[in-house]
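Chemist: need a 3D model of the following:
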Amino acid sequence: MEYHLEIYRPGSCASDGCIKTFTAASPFLPIRGGDLINTKTWEVEWPLLRVVNVEHVICESSRGIDPSGTIIHRIFLYTESIPDTAETRCSAALGIA
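Modeler: This next block holds a predicted model:
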(Lines give C-alpha, C1' and ligand atoms only; values in the text may rest on other atoms or scores of the structure.)
Protein backbone atom coordinates (compact mmCIF):
# COMPACT_ATOMS: atom_id res chain seq x y z
CA MET A 1 0.00 0.00 0.00
CA GLU A 2 1.22 3.48 -0.87
CA TYR A 3 -0.19 6.75 0.41
CA HIS A 4 -0.09 10.02 -1.52
CA LEU A 5 -1.17 13.40 -0.15
CA GLU A 6 -1.68 16.04 -2.84
CA ILE A 7 -2.26 19.68 -1.94
CA TYR A 8 -3.84 21.99 -4.51
CA ARG A 9 -3.38 25.73 -4.86
CA PRO A 10 -6.27 27.93 -3.68
CA GLY A 11 -9.35 27.63 -5.84
CA SER A 12 -7.96 24.88 -8.07
CA CYS A 13 -8.99 21.27 -8.52
CA ALA A 14 -7.28 20.77 -11.89
CA SER A 15 -4.41 18.28 -12.15
CA ASP A 16 -1.95 21.10 -12.91
CA GLY A 17 -3.01 22.88 -9.70
CA CYS A 18 -1.11 20.54 -7.37
CA ILE A 19 1.51 22.55 -5.44
CA LYS A 20 2.89 19.80 -3.21
CA THR A 21 2.80 15.99 -3.08
CA PHE A 22 3.89 13.80 -0.21
CA THR A 23 4.30 10.02 -0.46
CA ALA A 24 4.51 7.61 2.48
CA ALA A 25 4.43 3.92 3.29
CA SER A 26 1.96 4.47 6.15
CA PRO A 27 -1.29 6.46 6.28
CA PHE A 28 -1.30 10.19 6.93
CA LEU A 29 -3.18 11.48 9.96
CA PRO A 30 -6.78 12.48 9.18
CA ILE A 31 -7.23 15.91 7.63
CA ARG A 32 -10.63 17.62 7.53
CA GLY A 33 -12.17 20.67 5.99
CA GLY A 34 -11.23 23.72 8.06
CA ASP A 35 -7.76 22.41 8.98
CA LEU A 36 -4.89 24.84 8.38
CA ILE A 37 -1.77 24.05 6.35
CA ASN A 38 1.32 26.14 7.06
CA THR A 39 3.33 26.36 3.82
CA LYS A 40 6.13 28.68 4.99
CA THR A 41 8.86 26.08 4.28
CA TRP A 42 7.61 25.50 0.72
CA GLU A 43 8.32 27.75 -2.22
CA VAL A 44 4.74 28.91 -2.79
CA GLU A 45 3.07 32.31 -2.59
CA TRP A 46 0.45 31.37 0.04
CA PRO A 47 1.91 31.10 3.58
CA LEU A 48 -1.30 29.74 5.12
CA LEU A 49 -3.99 27.60 3.51
CA ARG A 50 -7.30 26.31 4.82
CA VAL A 51 -8.60 22.94 3.60
CA VAL A 52 -12.03 23.40 2.01
CA ASN A 53 -12.53 19.86 0.69
CA VAL A 54 -10.90 16.44 0.95
CA GLU A 55 -11.22 13.80 -1.76
CA HIS A 56 -9.99 10.20 -1.58
CA VAL A 57 -9.08 7.97 -4.51
CA ILE A 58 -8.12 4.33 -4.03
CA CYS A 59 -6.70 2.59 -7.08
CA GLU A 60 -4.49 -0.27 -8.20
CA SER A 61 -1.22 0.25 -10.00
CA SER A 62 0.82 -2.37 -11.80
CA ARG A 63 4.54 -1.68 -11.94
CA GLY A 64 7.16 -3.54 -13.90
CA ILE A 65 6.93 -7.31 -14.11
CA ASP A 66 5.07 -7.78 -10.81
CA PRO A 67 1.47 -8.55 -11.88
CA SER A 68 0.13 -8.31 -8.33
CA GLY A 69 0.15 -4.54 -8.45
CA THR A 70 0.06 -2.04 -5.62
CA ILE A 71 -2.89 -0.34 -3.98
CA ILE A 72 -2.54 3.44 -3.80
CA HIS A 73 -4.57 5.68 -1.51
CA ARG A 74 -4.49 9.22 -2.86
CA ILE A 75 -5.82 12.12 -0.81
CA PHE A 76 -6.51 15.41 -2.58
CA LEU A 77 -6.69 18.54 -0.41
CA TYR A 78 -8.43 21.51 -2.02
CA THR A 79 -7.64 24.81 -0.35
CA GLU A 80 -8.23 28.51 0.02
CA SER A 81 -5.69 31.15 1.00
CA ILE A 82 -6.28 32.86 4.34
CA PRO A 83 -4.43 35.64 6.19
CA ASP A 84 -1.34 34.47 8.03
CA THR A 85 -2.22 36.02 11.40
CA ALA A 86 -2.57 34.95 15.00
CA GLU A 87 -6.26 35.88 14.84
CA THR A 88 -6.80 33.45 11.95
CA ARG A 89 -5.14 30.64 13.89
CA CYS A 90 -7.16 31.35 17.03
CA SER A 91 -10.41 31.47 15.06
CA ALA A 92 -9.59 28.13 13.41
CA ALA A 93 -8.74 26.55 16.77
CA LEU A 94 -12.07 27.69 18.18
CA GLY A 95 -13.99 26.54 15.10
CA ILE A 96 -15.01 30.07 14.09
CA ALA A 97 -15.19 30.57 10.33
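Chemist: poorly predicted segments of the protein, please.
Modeler: Within the chain, the segments meeting pLDDT under 70 span 62-68, 93-97.
Chemist: which parts of it are helices?
Modeler: Ranges of helices in the chain, per DSSP state H, are 86-94.
Chemist: quick one: the strands in it?
Modeler: 2-8, 18-24, 36-38, 48-63, 66-81 (DSSP state E).
Chemist: need the ones you listed in a markdown table (columns: distance to Ala92).
Modeler: Using the backbone N, CA and C atoms, a C-beta is placed for each residue, glycine as well. What follows is the strands of the chain, written out as a markdown table (distance: least, CB to CB, whole Å):
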| stretch | distance to Ala92 |
| --- | --- |
| strand 2-8 | 17 |
| strand 18-24 | 20 |
| strand 36-38 | 5 |
| strand 48-63 | 7 |
| strand 66-81 | 12 |
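Chemist: just name the most buried of these.
Modeler: For these, the stretch with the most neighbours on average is strand 2-8, a mean of 18; neighbours defined as mean count of other CB atoms under 10 Å.
Chemist: contacts for that strand?
Modeler: 17-28, 31, 37, 49, 61, 70-79 (CB atoms under 8 Å, 6 or more residues apart in numbering).
Chemist: go again using 7 Å as the cut-off
Modeler: By CB atoms under 7 Å, 6 or more residues apart in numbering, the list of residues contacting strand 2-8 from outside reads 17-24, 26-28, 37, 70, 72-79.
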